[in-house]
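J.: I'll drop the sequence and a predicted model, then ask my questions.
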Amino acid sequence: MHHYVALLRAVNVGGAGKLPMVGLRAMCSDAGFDAVRTYIASGNVVFASSDSAASVKAELEARLLAYADKPVGVIVRTAAEMTSVLEANPFAERAPNRTVAIFLDQAPRADALEHAVGVKDEQMRLGTREIYVHYSAGMAKSKLRIPAAKNGTARNMNTVAKLARMAAEL
């Protein structure tokens with residue numbers, strides 16, 4: 001049995017993309033996933049499954065498409081991969097609520113950060129299948145845009161730590 005974390009893109013608690021977490025838990029249970037738990041209302045779900053990560057991703061994306069009538073991106077990591085993302089954080093000494101990991105399906109290109117626009121005081125580093133960003137002044141006023149992160153989804157390091165613990169405890 002594999003322990004997974006699934007991160008949904010463009011899911012929120014109100015307006016466009018609304019998906020109640022109780023609905024997400026039910027969707028995952030209906031897909032046959034075990035020990036399903038969500039964390040905060042922003043599309044984070046932890047569960048166990050004997051299926052591969054690719055199968056889990058495809059199943060969730062199909063169910064979300066049927067629910068939302070539009071594609072909803074899903075990024076899947078194993079419990080071990082989530083822990084690795086946390087441990088690889090190049091900004092570990094900085095405020096975890098001002099540091100994010102942008103999760104991607106594939107490794108970012110080596111030149112991905114060269115194409116970033118709106119850079120002010122943000123610091124960026126490439127990860128395995130992530131882009132790490134530290135927002136010195138916070139995210140609210142940042143104009144940073146990273147084209148390579150377009151299809152990714154970001155989580156701050158507090159959330160990454162919590163999801164890694166939840167997945168490890170399954």
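T.: It's in.
J.: how about the contacts made by residue 84?
T.: Contact analysis of residue 84 by CB atoms under 8 Å, 6 or more residues apart in numbering lists residue 128. To be clear about C-beta, it is placed using only N, CA and C from the backbone, and glycine gets the same treatment.
J.: quick check: it vs residue 19, distance?
T.: The gap separating residue 84 from residue 19 is 27 Å, by CB to CB, to the nearest Å.
J.: ok, now residue 71?
T.: From residue 71 to residue 19 the distance is 13 Å (CB to CB).
J.: mutual contacts of those two, please.
T.: Counting by CB under 8 Å, 6+ apart, the common neighbours of residue 71 and residue 19 are residue 64.
J.: between these two, which is the more surrounded one?
T.: Taking other CB atoms under 10 Å, residue 71 and residue 19 do not tie; residue 19 has more neighbours (20 against 12).
J.: residues in contact with the more buried one?
T.: Contacts were defined as CB under 8 Å, 6+ apart; by that measure residue 19 touches 8, 11, 43, 64, 67-68, 72.
J.: out of the residues you listed, which are inside strands?
T.: Using DSSP state E, residue 8 are the members of those that sit in strands.
J.: which ones among the contacts of residue 19 map onto helices?
T.: 64, 67-68 (DSSP state H).
J.: list the contacts of residue 86.
T.: 157, 160-161, 164.
J.: so the nearest residue to residue 130 once chain neighbours are set aside: helix, strand or coil?
T.: Closest residue to residue 130 apart from its sequence neighbours, by CB to CB, 6 or more residues apart in numbering: residue 101 at 4.6 Å. For residue 101, the assignment made with DSSP: H, G, I helix; E, B strand; the rest coil gives strand.
J.: quick one: residues contacting residue 101.
T.: Contacts of residue 101 (CB under 8 Å, 6+ apart): 85, 89, 127, 130-132, 154-155, 157, 160.
J.: list just the nearest of those residues to residue 96.
T.: residue 157 (3.7 Å; CB to CB).
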